[in-house]
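K.L.:
predicted model and sequence follow; I will ask about them next.
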Amino acid sequence: MVGREYSSHFAVGIAAMLSQERKGLYRSLPQVQRLLETDRARPLCAEFGRPAVTDALRSVMKDTRDGIAEGAVSSAPAPHALVDEAAARLVKRRQRGLRRAINATGIVLHTNLGRAPLAEEAIAAVVDIAGGYCNLEFDVASGTRGSRTQSIEPLLTGLTGADSAMAVNNGAAAILLALSGLAADAEVIVSRGELVEIGGGFRVGDIIQQGGARLVEVGATNKTRLADYVRAIGPATRVLLKVHQSNFRTIGFTGHTSIAELSSLARERGLLVVADLGSGLLRSVAGSAEPTIRQALAEGADIVTCSGDKLLGGPQAGLILGQSAAIDILRKHPLLRALRLDKMSLAALEATLMLHRDSPERIPVMRMMSQPEELLRRRAQRLCELVGDGFVERSEAFAGGGSLPEERIASFSLSLPTPKGLEATAGLLRGGSPAVVCRFKDGRLVADILAVSDEEIADLADRLRAAVT
């Protein structure tokens with residue numbers, strides 16, 4: 001009994017002592033107003049403004065008081081330490097959330113890293129247009145209202161052979177608009193093997209239904225014959241949809257129906273063929289079965305849709321190309337206003353299309369995917385010398401972004417040890433400026449050089465050296 005009473009009194013005494021210590025710590029904290037008058041805070045006020053510095057100091061003081069209450073702060077922080085913490089928060093607040101990254105993954109069209117980097121000409125076009133006014137919807141020849149996509153339509157038709165063309169804000173929007181305008185309250189027939197998921201959990205079937213069309217699935221996952229489409233056609237059928245497997249391949253016992261076969265059937269039955277190519281390839285790639293836009297149109301597709309920021313190498317956009325009669329319907333659809341491109345994307349797209357017409361080798365995606373192996377080896381060796389560690393090895397890179405899934409691109413990588421551990425090393429690389437994203441294999445860091453420019457080598461070397469040493 002006596003022991004229990006003693007323990008209880010001891011606990012009460014300890015609590016009282018801690019309470020007194022915390023009260024002393026609270027009293028020792030300086031007022032925000034006094035901190036603002038210190039020599040350390042005055043330059044901050046000049047740089048960030050007094051209101052911003054005041055808010056930062058109040059935030060630091062609140063966190064400090066919370067730390068005292070929780071027992072995490074056991075001694076009074078010096079005034080200069082409080083001001084320094086406020087300064088760090090102000091600097092961090094100024095940093096943009098969207099920032100530059102170095103892509104050392106070996107995936108050229110990395111969706112999470114923004115897909116296609118723009119050509120210098122496209123960047124210059126954006127800068128030129130963004131800073132002032134432009135003839136976005138103004139016909140300078142007649143002085144009347146003009147089409148938003150008036151500058152890119154002749155380029156698109158000239159490069160693809162399409163009768164007419166238009167653009168919206170991404171590839172999924174292109175399919176949505178096409179089916180909303182051409183098959184609302186009607187049936188769209190598509191092969192089960194082509195009901196692909198296009199990333200972020202979005203699926204072609206969902207887009208079809210969101211557009212107001214009724215989805216009719218035919219065939220099997222691995223094989224769909226023309227007869228499957230014939231049997232499924234009914235009075236409500238409006239569109240035969242062909243979705244190119246741009247982000248995966250089905251191999252083995254397979255079979256599919258070509259655009260040419262579907263087009264022939266559509267002509268007999270008075271239907272339309274819409275072909276979604278996904279990657280937006282303008283020119284054939286040697287050794288690849290990836291269809292071009294021109295090929296799909298030549299085979300009889302009424303409408304072809306694709307993305308602008310994949311193999312086309314431009315900004316995020318959705319291209320719609322094909323027969324004038326079908327596209328004229330889409331131009332009048334009310335959904336178009338919600339899906340239209342802004343002036344900066346249009347400027348970048350126009351500049352990219354002009355390069356495809358005149359100098360395709362200047363488009364970064366085209367250049368990256370056709371680099372000689374010896375050039376890549378030398379670049380990787382230079383990186384190795386700058387880092388001062390690791391070894392250069394051959395590697396396989398990929399187009400990515402749902403494009404050319406079967407193609408392997410010969411590349412070179414720098415392989416480095418990770419003495420700090422994989423997670424810690426990856427976190428250090430991602431958290432810096434610029435952020436660096438690499439691969440990890442067999443406990444080592446692998447920096448693939450394919451999508452790294454000569455101008456980025458020095459920055460990449462600095463970041464890698466700091467992360468692994």
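P.N.:
Ah, there it is.
K.L.:
where are the low-confidence patches of the chain?
P.N.:
Where the chain drops to pLDDT under 70, the residues are 1-19, 197-202, 245-255, 285-289, 401-402, 405-406.
K.L.:
name the SS class of Pro315, please.
P.N.:
Here Pro315 is recorded as coil under DSSP: H, G, I helix; E, B strand; the rest coil.
K.L.:
roughly how far apart are it and Ala116?
P.N.:
Applying C-beta to C-beta, to the nearest Å, the value for Pro315 to Ala116 is 8 Å. Yep, even glycine has a C-beta here, placed from its N, CA and C like the rest.
K.L.:
overlap of the contact sets of those two?
P.N.:
The contact sets of Pro315 and Ala116 overlap at Asp309 (C-beta atoms under 8 Å, 6 or more residues apart in numbering).
K.L.:
mind listing what Val188 touches?
P.N.:
Neighbouring residues of Val188 by C-beta under 8 Å, 6+ apart: 179, 208, 213-216, 238-241, 274.
K.L.:
give me the subset of these that lies in strands.
P.N.:
Residues of the contacts of Val188 located in strands (DSSP state E): 214-216, 238-241, 274.
K.L.:
so where do the helices sit in the stretch 1-150 of the chain?
P.N.:
Ranges of helices within the stretch 1-150 of the chain are 2-28, 32-36, 42-48, 50-70, 79-94, 120-130, based on DSSP state H, counting those that start in this stretch.
K.L.:
same check, this time on the stretch 351-469 of the chain
P.N.:
Per DSSP H, counting those that start in this stretch, the stretch 351-469 of the chain carries helices over the ranges 364-368, 373-387, 422-431, 457-468.
K.L.:
now those helices in JSON lines, with mean neighbour count?
P.N.:
Below are the helices of the stretch 351-469 of the chain laid out as JSON lines (neighbours: other C-beta atoms under 10 Å):
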{"stretch": "helix 364-368", "mean neighbour count": "20"}
{"stretch": "helix 373-387", "mean neighbour count": "17"}
{"stretch": "helix 422-431", "mean neighbour count": "15"}
{"stretch": "helix 457-468", "mean neighbour count": "19"}
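K.L.:
got a markdown table for the ones you listed, with distance to Val32 too?
P.N.:
Below are those laid out as a markdown table (distance: least, C-beta to C-beta, whole Å):
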| stretch | distance to Val32 |
| --- | --- |
| helix 364-368 | 50 |
| helix 373-387 | 45 |
| helix 422-431 | 30 |
| helix 457-468 | 36 |
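K.L.:
for Glu120, what are its contacts?
P.N.:
The contact partners of Glu120, taken as C-beta under 8 Å, 6+ apart, are Arg362.
K.L.:
of the ones in strands among the contacts of Val188, which is the most crowded?
P.N.:
Leu240 (30 neighbours; other C-beta atoms under 10 Å).
K.L.:
run through the bridge partners of that one.
P.N.:
Ile189, Val273 (DSSP bridges).
K.L.:
these two touch, right, it and Glu268?
P.N.:
No - judged on C-beta atoms under 8 Å, Leu240 makes no contact with Glu268 at a distance of 11.3 Å.
K.L.:
picking up where we left off before, closest to Tyr26 among the contacts of Val188?
P.N.:
Ile208 (63.2 Å; C-beta to C-beta).
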